[in-house]
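> Model the structure of this input:
(one chain, ligands or ions: 1)
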Amino acid sequence: MGTSLFPDSSNPKPLLVDGARLNKILLELAKYGRNDHGGIDRVSFSEADRNARQYVIELMKNAGLDVTIDAAANIIGRRKGNNADAKPIMLGSHIDSVPSGGNYDGQVGSAAAVEVAQILHENNQITRHPLEFVIFSNEEGGKTGSRAMAGEIETSELDIMTASGFTIGEGLRANSGDPDKLTKVKRLKGSIAGFLELHIEQGGILEKEGLTIGVVEGIVGIKRWSVTVKGFTNHAGTTPMTERRDSLVAAAQFIQAVHRIAKNMSGRQVATVGKITPEPGAPNVIPGRTSLTLEIRDLDMVIIDNLFKVLVKESKLIGEETGTQFAFDQFYLSKAALTDDLFRKVIEEETEKLGFSYTRMPSGAGHDAQSIAQLAPVGMIFIPSLGGISHSPKEKSRSKDIEAGANVLLQSLLTLDHQLS
Ligand SMILES: [Zn+2]
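So this is what the prediction gives:
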């Protein structure tokens, strides 16, 4: 206990992944569901998804893992540790895609996890903790696999139709899961020592700043509201400009205010009006009612609430000025999930030791780590997405960054194996 796998004197070289092999796995994976645009159509539960899963299962078996599929169709490759009392450390990601997706989202983290298993196997490195390498099912269609582990799946979700043509329930069955036994997938809080996920950034910050690694501080929380602006419907020809109570004009001012206020506040909050419907919606009628959506995201739910309060106040001023009334109705909530302090620190230290540049950053997109954060401390490692493009055939990450991320994943795992109880 306490002895490093790489004592400074005798073995200064850390164990490293095989970058060429890792990138070859990604090229192989890209064949499953490849489309004419250079990306993939590998939505969860599709034939391409099933075949890609089989490919990964073979890789896992070759890496000496004991592979099972749980009732939520998560693929789990287990590796024994040498401390019988230790809880498992989990690492993994997903290999399903959005329709017309790219070759990196989820796949980088999945391939890297498999490569980590392979390199440990080849080098006969036994960790203290047992390890679980997980390919979570249906990430893009609602994080079914990871949310089932967190005990969050509602029975009604099983009837949701997916892009594969199967409902989630049917899809789970087709992928060797069992929708009737989802409760068995649930893990108890504290039963996992920790979870690590490598993922592409899906934004453009790392590339823009010329950095290799993003140490994820957490996955942002999201709140969404329907906003209704009530004015007065009237004739567009006979109503003088001074007499109008135009809900669309008020909504336009509100949209400007959302953008301006969110941008001028310090911090990294983002706020968006993504949909607007004026009624009745005719060229010769002053819109008496306009509906729009408001979405705010931040790592800190308090910041979301405070920004919302400022925007409500602003809407009152706009309402007074335009003779309209604003009403807000919250319809969506996704709580922020913070990564663990120790995990961040270890990822940073290992990144530095390997000689890569890094920054701390939030994740604006959702990930399986968000679900697992409810059960265990989690850490997330980002690598650059070229052009900040994702969920597109144009999604791309450099081979050397993928290798760098996988090495940070491997070294962080080995260090956490020593530091976690
Ligand atoms: Zn993903």
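
> What parts of the stretch 151-300 of the chain come near the ion?
The stretch 151-300 of the chain has no residues near the ion, with proximity defined as Cβ under 5 Å from the ion. (C-beta placed from N, C-alpha, C; glycine too.)

> Name the SS class of the closest residue to the ion within the stretch 151-300 of the chain, please.
Per Cβ to the ion, the residue of the stretch 151-300 of the chain with the smallest distance to the ion is residue 199, at 5.8 Å. Classification of residue 199 using DSSP: H, G, I helix; E, B strand; the rest coil returns strand.

> Now the closest residue in space to it that isn't next to it in sequence: which helix or strand?
In space, residue 199 comes closest to residue 109 once its chain neighbours are excluded; the distance is 4.9 Å by Cβ to Cβ, 6 or more residues apart in numbering. Taking DSSP states H and E as the definition, residue 109 sits inside helix 107-122.

> can you tell me if that helix touches the ion.
No - on the criterion Cβ under 5 Å from the ion, helix 107-122 is out of touch with the ion, staying 7.5 Å away.

> Can I get that helix in CSV? Just the C-alpha atoms.
The C-alpha trace of helix 107-122 is given here as CSV (Å, rounded to 0.1, in the frame of the first residue of the first chain):
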residue,chain,number,x,y,z
GLN,A,107,-16.5,6.9,-28.9
VAL,A,108,-13.2,8.5,-27.8
GLY,A,109,-14.0,7.8,-24.1
SER,A,110,-15.2,4.3,-24.9
ALA,A,111,-12.2,3.3,-27.0
ALA,A,112,-9.8,4.9,-24.5
ALA,A,113,-11.4,2.9,-21.6
VAL,A,114,-10.9,-0.3,-23.6
GLU,A,115,-7.3,0.7,-24.4
VAL,A,116,-6.7,1.3,-20.7
ALA,A,117,-8.0,-2.2,-20.0
GLN,A,118,-5.8,-3.7,-22.7
ILE,A,119,-2.6,-1.9,-21.5
LEU,A,120,-3.2,-3.0,-17.9
HIS,A,121,-3.8,-6.5,-19.1
GLU,A,122,-0.6,-6.6,-21.2
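
> begin at 34 from here
Renumbered: residue one is now 34, and that last one reads helix 140-155.

> Enumerate the positions of that helix that are buried.
Neighbour-count burial for helix 140-155, counted by 16 or more other Cβ atoms under 10 Å, picks out 140-153.

> now stretch 341-351
Using 16+ other Cβ under 10 Å as the test for burial, stretch 341-351 gives 341, 344, 347-348, 351.

> Farthest-apart pair in the residues you listed, please.
Across those, the longest distance by Cβ to Cβ is 15.2 Å; it joins 341 and 351.

> Look up how far residue 135 lies from residue 197.
According to Cβ to Cβ, to the nearest Å, residue 197 and residue 135 sit 18 Å apart.

> same question but for residue 382, I mixed them up
Counting by Cβ to Cβ - residue 382 and residue 135 are separated by 31 Å.

> higher neighbour count, these two?
The neighbour count for residue 382 versus residue 135, taken as other Cβ atoms under 10 Å, is higher for residue 135 (26 against 13).

> That one reaches residue 428, doesn't it?
Yes - between residue 135 and residue 428 there is a contact at 2.6 Å, judged by Cβ atoms under 8 Å.

> which neighbours do the two share?
Counting by Cβ atoms under 8 Å, 6 or more residues apart in numbering, the contacts common to residue 135 and residue 428 are 72, 422.

> For the stretch 334-454 of the chain, which segments count as helices?
With DSSP state H, counting those that start in this stretch as the criterion, the stretch 334-454 of the chain has helices at 334-355, 374-386, 401-405, 432-452.

> before we move on, the earlier item: distance-wise, check the residue of the stretch 184-333 of the chain closest to the ion relative to residue 188.
Distance of residue 232 to residue 188, computed by Cβ to Cβ: 29 Å.

> Likewise for residue 72?
Residue 72 sits at a distance of 34 Å from residue 188 (criterion: Cβ to Cβ).

> can you tell me which residue is nearest the centre of this structure?
When Cα atoms, centre = their mean is applied to the chain, the residue found nearest the centroid is residue 400 (2.3 Å).

> got a list of what it touches?
126, 172, 230, 232, 252, 413.

> Mind putting these into JSON lines with neighbour count?
Output for the contacts of residue 400, formatted as JSON lines (neighbours: other Cβ atoms under 10 Å):
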{"residue": "126", "neighbour count": "28"}
{"residue": "172", "neighbour count": "25"}
{"residue": "230", "neighbour count": "31"}
{"residue": "232", "neighbour count": "29"}
{"residue": "252", "neighbour count": "27"}
{"residue": "413", "neighbour count": "29"}
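
> tell me which of those is nearest to residue 442?
residue 230 (8.5 Å).

> Where does pLDDT dip in the protein?
Counting by pLDDT under 70, the chain contains low-confidence residues at 34-45.

> Show me what from the stretch 34-183 of the chain comes close to the ion.
So far as Cβ under 5 Å from the ion goes, the stretch 34-183 of the chain lies against the ion at 138-139.

> residue of the stretch 334-454 of the chain with the smallest distance to the ion?
Using Cβ to the ion, the single residue of the stretch 334-454 of the chain nearest to the ion is residue 400, 5.9 Å away.

> From residue 372, how far out is that residue?
10 Å.

> okay, and the common contacts of the two?
Shared contacts of residue 400 and residue 372 (Cβ under 8 Å, 6+ apart): residue 413.

> what about residue 72 and residue 188, which has more around it?
residue 72 (24 against 10).

> Now do the contacts for the more buried one.
Taking Cβ under 8 Å, 6+ apart as the test, what residue 72 contacts is 130, 133-136, 425-428.

> ok, now residue 127?
139, 142-143, 168-173, 178, 401.

> Which members of those are the farthest-apart pair?
Going by Cβ to Cβ, the pair spanning those furthest: 142 and 171, at 15.7 Å.

> Spatially nearest residue to residue 277 (excluding sequence neighbours)?
Going by Cβ to Cβ, 6+ apart, residue 277 has residue 319 as its nearest residue, at 5.7 Å.

> what bridges to that neighbour?
Per DSSP bridges, the residues bridged to residue 319 are residue 267.

> Do I have it right that it meets residue 273?
No - applying Cβ under 8 Å, one finds residue 319 not in contact with residue 273, separated by 11.1 Å.

> quick one: which of those two has more around it?
Looking at residue 319 and residue 273 with other Cβ under 10 Å, you find the greater number of neighbours at residue 319, namely 22 against 6.
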